[in-house]
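Asker: Fold the following, please.
(one chain, ligands or ions: 2)
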Amino acid sequence: MRDTTTLLRRMIEESRRISVFTGAGISTESGIPDFRSPGGVWSRERPIPFDAFLASEAARQETWRRRFALEPILRAARPNRGHAAVAALVATGRTEAVVTQNIDGLHQASGVPDAQVIEVHGNTTWAACLDCGRRHEIADLAAAFAADGRAPRCDRCGGLVKTATIAFGQAMPAAAMARAEATMTAAELCLVVGSSLVVWPAAGLPVAAKQAGAVLVIVNRAPTPLDEMADLVLRGEIGAVLGEAVGVQ
Ligand code: NAD
Ligand code: ZN
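Answerer: Ligands and ions are numbered 1, 2, ... in the order given. Modelled structure (predicted):
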């Protein structure tokens, strides 16, 4: 592991354009469970697809019950060494933007400017009306849910309110995907950090980077379907590996 970390350090030093693509694995060291690690959310609760959310009040209530249950964990979470390493890369000017599947806002909290975080699966720290787009705050929705147990409705138009995330089966955000693809395919070096790389179309972004000529590096403790395509795979803990490779404590 030490040798490959040294190799990654050199690759980073020698690259002028570095794209970074992150998944839930970068936030587990901040106490937020990922989906597919043993004991992760996936083993206990299957995600509720978008069409089910639209179709039934019971599905909406269950979606919100899970979201509010996660709130103490999200509130307590602070960026870790992996986030700090990514923020340091952005600060060098060689990483134009961080492309993330995460919905936790920790890249922003680690000091990456909002405009340089591309969230391809949205953000769960706020909610929006599916009809009129009005923003709703999680704390207000939680208080109302605690009082009446009903899935929130928009106070302006009566529409369904949902976290500002992309559920399974929901359309991807077109502008964010276009920006993500542009920055990933422009890179010389593409760092993929903490993603199982099984969720599409997001997993197609590192593939596009590789096809466009980037050197592809995967940092993940478990194997991924793209390992064979990668130029270098580091099977370690993200904070330690990236921290050492970037030179961040
Ligand atoms: P995933 O759970 O499918 O995969 C995470 C990967 O990270 C796993 O392969 C795991 O082995 C690895 N990993 C976990 N902790 C690690 C560590 N400390 N060091 C090294 N490797 C580690 O996550 P995904 O690929 O991002 O897909 C899940 C989807 O669920 C995403 O689209 C995301 O929107 C959502 N999600 C987000 C969060 C979050 O925002 N923090 C958390 C859970 C799920
Ligand atoms: Zn509305």
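Asker: Nearest spatial neighbour of residue 203, chain-adjacent residues omitted?
Answerer: If the residues on either side of it in the chain are set aside, residue 203 comes closest to residue 197, at 4.5 Å by C-beta to C-beta, 6 or more residues apart in numbering. (Glycine included, C-beta is placed from N, CA and C.)
Asker: just checking, the one you found touches residue 225?
Answerer: Yes: judged on C-beta atoms under 8 Å, residue 197 makes contact with residue 225 at a distance of 5.7 Å.
Asker: and for these two, which residues touch both?
Answerer: Residues touching both residue 197 and residue 225 by C-beta atoms under 8 Å, 6 or more residues apart in numbering: residue 203.
Asker: before we move on, back to that, list the residues that contact the residue nearest to residue 203.
Answerer: Applying C-beta under 8 Å, 6+ apart to residue 197 gives the contacts 23, 203, 206, 218, 224, 225, 226.
Asker: Would you mind writing the PyMOL command to select the buried ones in these?
Answerer: This is how PyMOL selects the buried members of the contacts of residue 197, with burial counted by 16 or more other C-beta atoms under 10 Å:
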select buried, resi 23+203+206+218+224+226
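Asker: Near the residue nearest to residue 229 when sequence neighbours are not counted, how many other residues are there?
Answerer: Computed as C-beta to C-beta, 6+ apart, the closest residue to residue 229 that is not its neighbour in sequence is residue 210, at 5.7 Å. Neighbour count for residue 210, taken as other C-beta atoms under 10 Å: 19.
Asker: Where does residue 210 sit, in terms of helix or strand?
Answerer: If you go by DSSP states H and E, residue 210 is part of helix 204-211.
Asker: is ligand 1 contacted by the next helix or strand along the chain from that helix?
Answerer: Following helix 204-211 in sequence order, the next helix or strand is strand 215-219 (DSSP H and E). No: using C-beta under 6 Å from any ligand atom, strand 215-219 stays clear of ligand 1, coming no nearer than 6.7 Å.
Asker: by how many degrees do strand 215-219 and helix 204-211 diverge?
Answerer: Strand 215-219 runs at 140 degrees relative to helix 204-211, counting by axes from the mean of the first three to the mean of the last three C-alpha atoms, to 10 degrees.
Asker: now for the helix or strand following strand 215-219, which elements pack on it?
Answerer: Next helix or strand after strand 215-219 toward the C-terminus (DSSP H and E): strand 232-234. Applying 3 or more C-beta pairs under 8 Å, 6 or more residues apart in numbering; DSSP states H and E, one finds that strand 232-234 contacts helix 2-14, strand 215-219.
Asker: distance between strand 232-234 and the chain's centre?
Answerer: Computed by C-alpha atoms, centre = their mean, to the nearest Å, the separation of strand 232-234 from the middle of its chain amounts to 20 Å.
Asker: Stretch 42-61 too?
Answerer: On C-alpha atoms, centre = their mean, the centre of stretch 42-61 falls 20 Å from the chain's centre.
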